[in-house]
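Student: next comes the sequence, and after it the predicted model I'd like to discuss.
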Amino acid sequence: MPASLERRNYQRSTKMKYLHVELPSLHLVWKRSGQEDAVCSVIRTNYPKPSALQVTAIMRAAGAEVRAVDMKIRKQDTTIPYREFAYEGGTMVASRMGTPFENVREQIEWADVVGLSVNPTSWSNIALDFITYAKRVNPRVHVWVGGTDAMFRPEFYLRHGVDLVVRGEGENTARELIAGNTNARGVAKLHNGQLLDTGIARGCNLDDSPMQAVDLFASDVPLWNMNIEANIPPEIPTPIGFLFTTRGCNQACPFCTTPQKYGKLRFRSLENIQTELELLRAHGIHTINIWDDSLASLIRWGERDHLIAIARLLRQMGFAYEFSQGMVISDLWDKENGQPDEQLISELFSHETKNGRWVGCYGEYFPMEFLQDDDPHNAAAKLMSYDKELAVMRMILSQGVRWLTYSCIIGRPQDGPHEFDLSARRLNEVTEIIEEYGAKGLPTPFIYSVFPGTKLWREESVKLKYSIREYPELYQLNATPHGTKHFTPGGLMEAKMRLEENILSPTQCKNWWRTGRYQWR
């Protein structure tokens, strides 16, 4: 970027006009002769987008005038195809699903800087198309991109029209950028055609991070009625909000990017959390999706009491809540006594009814992950044996939790028909146990995926048939660029579909393959 352009854009007497855009959803359909079309990308629309709410707050606190638009939640059934490609004897049709680009033209024309968060790699072509459109309708606009994929593939984005990539945590970087310092920590850019990268910004004090900018999304708040995977049950009040109480992770799962993005686990003070909950409540929000990646890991930091205090605070303030990203199951195990930690589970997962409203925990994502292994500890150090995981789940259900989603990750290089069959049997057993307690279960099997920023990506331990540059839409949890020793990529996709047919009801299966949306049984 020429120095003169940098000066003109950043050193100004008036506030920078910053527009944050939540991109449309990816709608990916696998078409095969003689077979029903199958959607193989999950469609999530009516929920608060954490990156949008956090980044807009950070930019406003740094001194920018900020606007925001969520293109997923408006016109969410509008489908606009943008490419097709051959895949495993069939064709993949990729579309944008949501607000058409031209509907936000006026906002783009207003902006000095457009910001995007590109988290899954599968969104990257949608991002590039939007960047091309934005620069056509507003030639003076700059585009800044953050998010997981951009963080670990900055040069790809910079060579496709992006002016700056923000790598890592934006709290300090945003202030430096608005002050005119494009060499701040956490910035990647091109200079004379060469990549200049100052590294990943990590380690900010979470209590210094601004509260999420809910007011910028006031017209969207009434539409926030979905958790990550399905509609909020009718017994639970909407709209919902989200909450992060920690950042980072001390685990080292080979398929996860969080430790590389954020470093070691840090946590917010209880007073800081309460202030944000009061903000959410002021916007009519009484249900919280807790998005922390490894919240229960606070125990390993000697912060068990802080973890319990968070749950108590939520209940005292009258919130219903769900652990949307789950808990590390082994953190809920009392290792000294060789049984589930009953006292901890009771504190985290109990609920009551107050004035006809659910208060406390109503749902949990239960990350079983490698059900195809007799000893999943070998696949990820945080995991326990299947029998112990079931014992923890039963204890959670005994607290009155009524909605559980649960996963397995299938499709590693060694996985074949036996591993799929064992996963199906165990997922069905989990569903039966959940229903014994009068609760509802939603199994969500995922394909073992390789993402930039993970150990799997760095070690190149999975042989990729479809490159990330040409076929980014396949780099997600419901499609695949690779096979296994037993399956081609297409065979792996078909094996996943047979697994889904085995564990979901016919109605659930039909809805998932036709729409990309999960639903409760």
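Tutor: That came through, no problem.
Student: okay, Y10: pLDDT?
Tutor: Listed pLDDT for Y10 reads 42.
Student: L19 now?
Tutor: 98.
Student: surely it is in a helix?
Tutor: No. Counting by DSSP: H, G, I helix; E, B strand; the rest coil, L19 is not part of a helix but strand.
Student: what is the neighbour count of the nearest residue to it once chain neighbours are set aside?
Tutor: Closest residue to L19 apart from its sequence neighbours, by Cβ to Cβ, 6 or more residues apart in numbering: A111 at 3.8 Å. Yep, even glycine has a C-beta here, placed from its N, CA and C like the rest. A111 is flanked by 24 other residues according to other Cβ atoms under 10 Å.
Student: how much space between A111 and V162?
Tutor: A111 sits 15 Å away from V162, going by Cβ to Cβ, to the nearest Å.
Student: G491 too?
Tutor: From G491 over to V162 the distance is 36 Å, taken as Cβ to Cβ.
Student: the more surrounded of the two?
Tutor: Per other Cβ under 10 Å, whichever of G491 and V162 has more neighbours is V162, with 24 against 14.
Student: nearest residue to the middle of this structure?
Tutor: The residue lying closest to the centre of the chain (Cα atoms, centre = their mean) is N119, at 7.5 Å.
Student: what sits against it?
Tutor: Shown in contact with N119 (Cβ atoms under 8 Å, 6 or more residues apart in numbering): 51, 147-149.
Student: if you set the cut-off to 6 Å instead, what comes out?
Tutor: The contact partners of N119, taken as Cβ atoms under 6 Å, 6 or more residues apart in numbering, are 147-148.
Student: switch to numbering from 6
Tutor: Noted, 6 is the first residue going forward, which turns the last one into N124.
Student: what segments of the stretch 306-455 of the chain are strands?
Tutor: Along the stretch 306-455 of the chain, counting by DSSP state E, counting those that start in this stretch, strands occupy 325-328, 338-339, 344-345, 356-359, 362-374, 408-415, 445-448, 451-452.
Student: how about JSON lines for those strands, with mean pLDDT and distance to S428 added?
Tutor: As requested, those are arranged in JSON lines below (pLDDT from 0 to 100; distance: least, Cβ to Cβ, whole Å):
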{"stretch": "strand 325-328", "mean pLDDT": "96", "distance to S428": "23"}
{"stretch": "strand 338-339", "mean pLDDT": "94", "distance to S428": "22"}
{"stretch": "strand 344-345", "mean pLDDT": "97", "distance to S428": "23"}
{"stretch": "strand 356-359", "mean pLDDT": "94", "distance to S428": "31"}
{"stretch": "strand 362-374", "mean pLDDT": "93", "distance to S428": "9"}
{"stretch": "strand 408-415", "mean pLDDT": "93", "distance to S428": "5"}
{"stretch": "strand 445-448", "mean pLDDT": "94", "distance to S428": "9"}
{"stretch": "strand 451-452", "mean pLDDT": "94", "distance to S428": "11"}
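Student: deepest in the core, which of those strands is it.
Tutor: For these, the largest average neighbour count (mean count of other Cβ atoms under 10 Å) is found in strand 325-328, namely a mean of 26.
Student: now do that one: distance to the chain's middle.
Tutor: Centroid separation for strand 325-328 versus its chain: 16 Å, with Cα atoms, centre = their mean, to the nearest Å.
Student: other SSEs contacting it?
Tutor: strand 292-295, strand 362-374 (3 or more Cβ pairs under 6 Å, 6 or more residues apart in numbering; DSSP states H and E).
Student: partners of it, with directions?
Tutor: For strand 325-328, the pairing partners within the sheet under DSSP bridges are strand 292-295 (parallel), strand 362-374 (parallel).
Student: give me the mean pLDDT for the first one.
Tutor: Right, strand 292-295. 96.
Student: ok, F354 - contacts?
Tutor: 366, 401, 404, 406.
Student: hmm, try it at 8 Å
Tutor: 365-366, 369, 401, 404-406.
Student: for Q265, same thing?
Tutor: By Cβ under 8 Å, 6+ apart, the residues touching Q265 are 157, 205, 458-459.
Student: I'd guessed the residue nearest to L24 sits against H25; true?
Tutor: No. In this structure, A116 is not within contact of H25 by Cβ atoms under 8 Å, at 9.4 Å.
Student: between the two, what contacts are shared?
Tutor: Here A116 and H25 share the contacting residues R72, scored by Cβ under 8 Å, 6+ apart.
Student: ok, back up a step: between the contacts of F354, which sits nearest I131?
Tutor: The closest of the contacts of F354 to I131 turns out to be E369 (Cβ to Cβ; 31.3 Å).
Student: not counting sequence-adjacent ones, nearest residue to that closest one?
Tutor: Counting by Cβ to Cβ, 6+ apart, E369 lies nearest to F328, which is 4.9 Å off, once chain neighbours are set aside.
Student: E181 now?
Tutor: Here the residue nearest E181, using Cβ to Cβ, 6+ apart, is A189, at 3.3 Å.
Student: and that neighbour, how close does it get to E283?
Tutor: Taking Cβ to Cβ, one finds A189 at 32 Å from E283.
Student: between these two, which is the more surrounded one?
Tutor: Remark: of A189 and E283, A189 carries more neighbours, 18 against 11, as counted by other Cβ under 10 Å.
Student: kindly export the longest helix along the chain (C-alpha atoms) in CSV.
Tutor: Assignment by DSSP state H gives helix 422-441 as the longest helix of the chain. Output of helix 422-441 as CSV, limited to C-alpha atoms (Å, rounded to 0.1, in the frame of the first residue of the first chain):
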residue,chain,number,x,y,z
PRO,A,422,-16.5,-49.1,8.1
HIS,A,423,-15.8,-50.6,11.6
GLU,A,424,-15.2,-47.1,13.1
PHE,A,425,-18.4,-45.8,11.5
ASP,A,426,-20.4,-48.7,12.7
LEU,A,427,-19.1,-48.3,16.3
SER,A,428,-19.8,-44.6,16.2
ALA,A,429,-23.4,-45.2,15.1
ARG,A,430,-24.1,-47.8,17.8
ARG,A,431,-22.7,-45.5,20.5
LEU,A,432,-24.5,-42.4,19.2
ASN,A,433,-27.8,-44.3,19.3
GLU,A,434,-27.0,-45.5,22.8
VAL,A,435,-26.4,-41.9,23.9
THR,A,436,-29.7,-40.9,22.4
GLU,A,437,-31.5,-43.7,24.2
ILE,A,438,-30.0,-42.7,27.5
ILE,A,439,-30.9,-39.0,27.0
GLU,A,440,-34.5,-40.0,26.2
GLU,A,441,-34.7,-42.1,29.4
